[in-house]
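Engineer: next comes the sequence, and after it the predicted model I'd like to discuss.
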There are 6 protein chains.
Amino acid sequence: MHVRAFIGEMEQLAPPELAEDFDAGKIGLIVEGKSTVDTVCCALDATHSVVKRAIAAHADMLLVHHTPLWTPLTSLTGPTATLMRDVLASGLNIYVMHTNFDHAESGVNDALAELLSLTNTEPMTLGLVGDCPLSLKEIARRLDCPVRVWGKIKKLQRLAVVGGSGFDPEFMAEAKERGADAFLSAELKHSVYRAAPLPCIEATHYALEAPAMKRLAVQKGWRFIADPPVLHSVP
Amino acid sequence: MHVRAFIGEMEQLAPPELAEDFDAGKIGLIVEGKSTVDTVCCALDATHSVVKRAIAAHADMLLVHHTPLWTPLTSLTGPTATLMRDVLASGLNIYVMHTNFDHAESGVNDALAELLSLTNTEPMTLGLVGDCPLSLKEIARRLDCPVRVWGKIKKLQRLAVVGGSGFDPEFMAEAKERGADAFLSAELKHSVYRAAPLPCIEATHYALEAPAMKRLAVQKGWRFIADPPVLHSVP
Amino acid sequence: MHVRAFIGEMEQLAPPELAEDFDAGKIGLIVEGKSTVDTVCCALDATHSVVKRAIAAHADMLLVHHTPLWTPLTSLTGPTATLMRDVLASGLNIYVMHTNFDHAESGVNDALAELLSLTNTEPMTLGLVGDCPLSLKEIARRLDCPVRVWGKIKKLQRLAVVGGSGFDPEFMAEAKERGADAFLSAELKHSVYRAAPLPCIEATHYALEAPAMKRLAVQKGWRFIADPPVLHSVP
Amino acid sequence: MHVRAFIGEMEQLAPPELAEDFDAGKIGLIVEGKSTVDTVCCALDATHSVVKRAIAAHADMLLVHHTPLWTPLTSLTGPTATLMRDVLASGLNIYVMHTNFDHAESGVNDALAELLSLTNTEPMTLGLVGDCPLSLKEIARRLDCPVRVWGKIKKLQRLAVVGGSGFDPEFMAEAKERGADAFLSAELKHSVYRAAPLPCIEATHYALEAPAMKRLAVQKGWRFIADPPVLHSVP
Amino acid sequence: MHVRAFIGEMEQLAPPELAEDFDAGKIGLIVEGKSTVDTVCCALDATHSVVKRAIAAHADMLLVHHTPLWTPLTSLTGPTATLMRDVLASGLNIYVMHTNFDHAESGVNDALAELLSLTNTEPMTLGLVGDCPLSLKEIARRLDCPVRVWGKIKKLQRLAVVGGSGFDPEFMAEAKERGADAFLSAELKHSVYRAAPLPCIEATHYALEAPAMKRLAVQKGWRFIADPPVLHSVP
Amino acid sequence: MHVRAFIGEMEQLAPPELAEDFDAGKIGLIVEGKSTVDTVCCALDATHSVVKRAIAAHADMLLVHHTPLWTPLTSLTGPTATLMRDVLASGLNIYVMHTNFDHAESGVNDALAELLSLTNTEPMTLGLVGDCPLSLKEIARRLDCPVRVWGKIKKLQRLAVVGGSGFDPEFMAEAKERGADAFLSAELKHSVYRAAPLPCIEATHYALEAPAMKRLAVQKGWRFIADPPVLHSVP
């Protein structure tokens, strides 16, 4: 498949116009390699480990959620130079779907809802709320990461989920209004917790967003390359 | 003591000119109550629970690290109105020492170093590095919160600590250069972890900053009012 | 009446979307008190004198034109702390209608036109022009304040009026074009006078805006609380 | 005298570096005419009336406090074109001393203090305070304009004066601290009056600033061209 | 004809709303002279030489492409004062049509296409592309200026032309896409040349824009006043 | 030599702190390759042609005046991707000295003065003035590019030179004041020419800046890689 055709397909899946303004220039084909795409790999981040495994798998295309070129560059040095040397030398293309995939119909939050078996889901400004049949333990097991629970969860029937760093006071107020009993997301700040209108379940950013990439890989017959954070809780 | 005298004393302890620019107008006497200060309470945040206990203790002054009026107000409604009604009605003064206390000599990071028995300490741009004789388990026990360990800690001899939300790439590079084996702070972001030059130990914001307020209370003979987040890890 | 119902009624009268951008966050319910509104007082400004009289009158709601919280606050000290202590302690709500009331159909300028018996009125971008049957002396008498007349008024048949601080070169050019013989407003600047295309009648800000609040109070059966500036001319 | 020499002399009197930032490009020689300066006229504003009288007096130089080109121009039309046609055609130079003259040692406020016979004067950030032996009536007489008195003056021993539009809350607080009984300036706003810490005496901008220009003209042997606002109070 | 009627006619020709935002306040009647317009002259720039010739020709109106008051003025000194003295004294009006004329239907680029005998023209975002029957030598001859040719022109069938300073990477990419063999404009920067997707023919700004003014003068029966740069190439 | 040592040497030659603010992040080692530097090439721009020749010459380091990464990048596509693939694959380092080299003692303008045999040179804010013994023809010959002469040069004794794009009204005024008869630089704009206080000699950007890079190569024993624009004048 020509890389143009691949791009066209991806733009159907996660239309660029759904992206937030801050993603301008940071989504789509952000590293240009070979013009023919036969083998696609898929991951959350284009870490060096992921890139090496994609190259070893003879991939022509690596589809990721987070661009490796977030901060605008006027030099190529250090780890970025090393990473780009390997990427460019191998002819690997890198394609990014970020907030456009967050907002897409079968995107990040939809995959999360499926993973957590949410029913009666209702979309929010970002993320969604749904009935959750799982215990906290089972939620942590399915996300495959330890979770931190902030505040007391009296019952856990209706759960709000926002993939990524979604503990925003406005989203949390919306979740509360829509009857959520708890709010699941990542990267909770102290000041936000202090004013939180409902209990918070804090997973990792990776655990919440990788499932969508994995599901997409399965659907498309691509290889998903896992690279979760090395993390454990003490005690 | 007149409130002016109290202010003078605090300005010696944590000179306002040490504060970051973003703290302008948000430190010092931010709620004015009675002009005589006999009873002082001390806490990390002026939550409603803390304020009620301070009033019950007949305090004239509540000293906190985080202002309850962070976002500039053009209205007094909701929880802020309720909080301020109690504060103003009781004549309680609220005094804030924030980044000026972070940067002060016997401030937030110094208290943390003491709590964790760090030796051979060396100051960084923010926070410090020191030799740490404790196990991770003991660190978590002294901080009185579960910690999340990101990355593999091969040895833990020299530890960098930054109270509050201190996982900043520049501070972490500095810590690495100064020979730190791990970096202890709060609120680690996924993107920062991905590029982290050393393993990260993530405690809570509260656990890292409350010790300094508590130590100050002990030194001054004030009452410290604890209000830690309600938090547990699953599994 | 529940405070929500009162707000709904006021938003009909002076729709928030009519307000200028600079009023964002500064109109509507800006101090939240009791949730039931039985007794309403009305004034131009929420001065301490006005607030005390409203409390003495057992008001639950004080409706004003000018918010007492114009400058965004990160502290409550001095006169603002004293004022808010009384307001919050008494459970008095404060509701503000500012530029939305200026622009409303039966708002500030309409009341002024009525007070000055203007006929054949025609709306301007702000304020209005109309035929004025009154002498300058009678205008001053009805406004209940000494006026300063800048420039020579040859005849005074058609008068432009803009409540508040309305001596704006653009409004004055518009008034001139619409055939006004003089322009009545408050707070004339020297540089504006120097380029004024028509004579200016300068009343006080209070004298031009209080009538609308008073008229509204009469219409609604509320108590109007007067608090004019203490002012006299010498000689 | 060459115009360069004249400029040198004026820069001694009111050094350009004393001017506020907003005066950048708006002081000094702002219209360039003949290179020889024999006859100088002096006024507060370069109104058309003033300019015509200066030309009739065969002036080569008109020294003013307020520039006629305040708003940056990209066109010369209307009254500005008419004014500039006369100025340029006659070869009249226009030289402006604005905030540099306000801040100069024998400048605007100093002339005002002299006019009002103030003694024991003390400089403020802007303007000055001094003992005032005059009644309000006599103050108005010497300023040659009706004044508006806001608030109740209990005694009038120590008076703060700021030439021009000086009713600034910070200056007024400073005046209060320095023991002033009243504050004399021009262009008082309603909101400033509401929070004023001391009574205000409001004269015209012209009445407060023209004396300095007149005194300078007398000292230098130039002709002062008066052009006061046409103003009267009703009643 | 009244100047208003003349303006109306010009606004039909080059509607002000076609102008770029940076032209705000810099097009239209930018110097106001006599109100009756009998004799019109036309030029590219209102240089002093042009103005003197227009006055000598008893013109009431000078129509130009480039305003002589580009940089906003707060003073009239040096060459601008000298120029404006002559303009204002003579009562000459100056009217500017800039980017509105660039974008107008029979404007700058259209005149250029005619001069260079372009056929099958197609509009671009700015400028146009067309079939060019001329040799480079003939192009230079008709433009009446030496041209600099950057890069190798293999064939010159289809030519992109943008009057004025039009070597913009975006316009050049558009020209390339539309099949242009070369790009004709003025003021080519080194960095733009380095990334140029097609060969560049660099004429002078004057040579590219004066033809439109000349053609307009011919159409209207006005006098065109030429004032080309004094320019020659070495060797 | 280790790349660190090479950098140290270059920083002596052209201290980074001499650079303009707009060069922040765009000078120094902007592509990181091998850590050992044995063979150095030197050019004005890192064009693809230059890079290929440097690689063919087994260079470890390419020193240039203009960075190939001027516009901050969030993607590597098109010609930049192709260029960076070759650079990174070969391990070629790229080091940039830009405005720091313009301002350095033996930098861009000094080399130009030497090339044109200027004597009695005097530094300006940027560039310099000196006595020039050459004819225009000889100047063009030594610069190895056709020059455009704007305005009439009556005599050419004292010449101002500014390497690069230096036709700035302020620099030209300075040159005039210092007695220059003409001003040599590149990229003259029409509007600047119209107000130019002295005749302008316009060479190419390349012709003015390459000599300094070539001279440096000679001094250091490096290879200079020429890549002048392909340019000719018609007629």
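Structural biologist: Ah, there it is. All figures in this text were calculated on a predicted structure; none of them were measured in a lab.
Engineer: which secondary structure elements does the lengthiest helix in chain A contact?
Structural biologist: Using DSSP state H to define each element, chain A has its longest helix at helix A:205-220. Using 3 or more CB pairs under 8 Å, 6 or more residues apart in numbering or on different chains; DSSP states H and E as the contact criterion, the secondary-structure elements in contact with helix A:205-220 are strand A:40-45, strand A:61-66, helix A:108-115, strand A:182-186, strand A:223-224. For every residue, glycine as well, the C-beta is placed using N, CA and C.
Engineer: repeat the analysis, applying 6 Å as the threshold.
Structural biologist: Using 3 or more CB pairs under 6 Å, 6 or more residues apart in numbering or on different chains; DSSP states H and E as the contact criterion, the neighbours of helix A:205-220 among helices and strands are strand A:40-45, helix A:108-115.
Engineer: neighbouring strands for the first one, and are they parallel or not?
Structural biologist: Strands that pair with strand A:40-45, judged by DSSP bridges, come out as strand A:61-66 (parallel), strand A:223-224 (parallel).
Engineer: just the strands in chain A please.
Structural biologist: Under the criterion DSSP state E, strands of chain A are mapped to A:28-31, A:40-45, A:61-66, A:93-96, A:119-123, A:128-131, A:147-150, A:158-161, A:182-186, A:200-203, A:223-224, A:231-234.
Engineer: for residue F:163, which of these is the nearest?
Structural biologist: The minimum distance between residue F:163 and the strands of chain A falls on strand A:28-31, with 35.7 Å, by CB to CB.
Engineer: count of neighbours near the nearest residue to residue A:46 once chain neighbours are set aside?
Structural biologist: In this structure, residue A:46 finds its nearest non-sequential neighbour in residue A:68, 4.2 Å apart by CB to CB, 6 or more residues apart in numbering or on different chains. The number of residues packed near residue A:68 is 23, by other CB atoms under 10 Å in any protein chain shown.
Engineer: right, and residue A:68 touches residue A:45 too?
Structural biologist: No: using CB atoms under 6 Å, residue A:68 makes no contact with residue A:45, being 7.4 Å away.
Engineer: returning to that earlier point: tell me how far the residue nearest to residue A:46 lies from residue B:194.
Structural biologist: For residue A:68, the distance to residue B:194 under the criterion CB to CB, to the nearest Å works out to 9 Å.
Engineer: redo the strands paired with strand A:40-45 as TSV? Include mean neighbour count.
Structural biologist: Below are the strands paired with strand A:40-45 laid out as TSV (neighbours: other CB atoms under 10 Å in any protein chain shown):
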stretch	mean neighbour count
strand A:61-66	25
strand A:223-224	16
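Engineer: looking at those strands, spot the one closest to residue D:161.
Structural biologist: Residue D:161 lies closest to strand A:61-66 among the strands paired with strand A:40-45, at 63.8 Å (CB to CB).
Engineer: any idea how far that closest one is from the middle of the chain?
Structural biologist: Strand A:61-66 has its average C-alpha position 11 Å from the chain's average C-alpha position, going by CA atoms, centre = their mean, to the nearest Å.
Engineer: quick one: residues contacting the closest residue to chain F within chain A.
Structural biologist: Across chain A, the shortest distance to chain F (CB to the nearest CB) belongs to residue A:72, at 3.3 Å. For residue A:72, the contact set (CB atoms under 6 Å, 6 or more residues apart in numbering or on different chains) comprises F:72, F:74.
Engineer: 7 Å - rerun?
Structural biologist: Under the criterion of CB atoms under 7 Å, 6 or more residues apart in numbering or on different chains, the contact list for residue A:72 reads F:72, F:73, F:74.
Engineer: tell me which residue lies nearest the centroid of chain A.
Structural biologist: In chain A, the residue lying closest to the centroid (CA atoms, centre = their mean) is residue A:209, at 2.8 Å.
Engineer: residue furthest from the geometric center of chain A?
Structural biologist: No residue in chain A has its C-alpha farther from the mean C-alpha position than residue A:154, which lies at 28.9 Å (CA atoms, centre = their mean).
Engineer: quick check: residue A:12 vs chain C, distance?
Structural biologist: Using CB to the nearest CB, to the nearest Å, one obtains 38 Å as the distance from residue A:12 to chain C.
Engineer: distance check, that residue against chain B.
Structural biologist: The gap separating residue A:12 from chain B is 28 Å, by CB to the nearest CB.
Engineer: ok, that residue - contacts?
Structural biologist: With contacts defined as CB under 7 Å, 6+ apart, residue A:12 is in contact with no residue.
Engineer: what's the separation between the residue in chain A that chain C sits nearest to and residue D:207?
Structural biologist: When distances are taken as CB to the nearest CB, chain A reaches nearest to chain C at residue A:191, 14.4 Å away. Computed as CB to CB, the residue A:191 to residue D:207 distance reads 53 Å.
Engineer: do the same with residue A:103
Structural biologist: Taking CB to CB as the criterion, residue A:103 is separated from residue D:207 by 64 Å.
Engineer: what about those two, which has more around it?
Structural biologist: With other CB under 10 Å as the criterion, residue A:103 and residue D:207 differ in neighbour count, and residue D:207 comes out ahead with 23 against 19.
Engineer: list the contacts for the more buried one?
Structural biologist: By CB under 7 Å, 6+ apart, the residues touching residue D:207 are D:143, D:144, D:145.
Engineer: again, but for residue A:129
Structural biologist: Residues counted as contacts of residue A:129 (CB under 7 Å, 6+ apart) are A:121, A:122, A:158, A:159, A:160, A:175, A:178, A:180.
Engineer: let me have the residues you listed in CSV, adding neighbour count as columns.
Structural biologist: Listed next are the contacts of residue A:129 as CSV, based on neighbours: other CB under 10 Å:
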residue, neighbour count
A:121, 17
A:122, 14
A:158, 18
A:159, 25
A:160, 29
A:175, 28
A:178, 14
A:180, 26
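Engineer: ok, which pair from those residues is furthest apart?
Structural biologist: The largest separation in the contacts of residue A:129, counting by CB to CB, is between A:121 and A:175 at 12.5 Å.
Engineer: what about whichever residue of chain A sits closest to chain E, distance to residue F:230?
Structural biologist: Across chain A, the shortest distance to chain E (CB to the nearest CB) belongs to residue A:74, at 14.3 Å. Noted for residue A:74: a distance of 28 Å to residue F:230, by CB to CB.
Engineer: likewise residue A:151?
Structural biologist: 70 Å.
Engineer: between the two, who's got more neighbours?
Structural biologist: Between residue A:151 and residue F:230, counted using other CB under 10 Å, the more crowded position is residue A:151 (17 against 11).
Engineer: do I have it right that that one meets residue A:197?
Structural biologist: No: in this structure residue A:151 lies outside contact range of residue A:197 using CB atoms under 7 Å: 9.9 Å.
Engineer: averaged pLDDT, stretch A:190-199. What do you get?
Structural biologist: Mean pLDDT, stretch A:190-199: 96.
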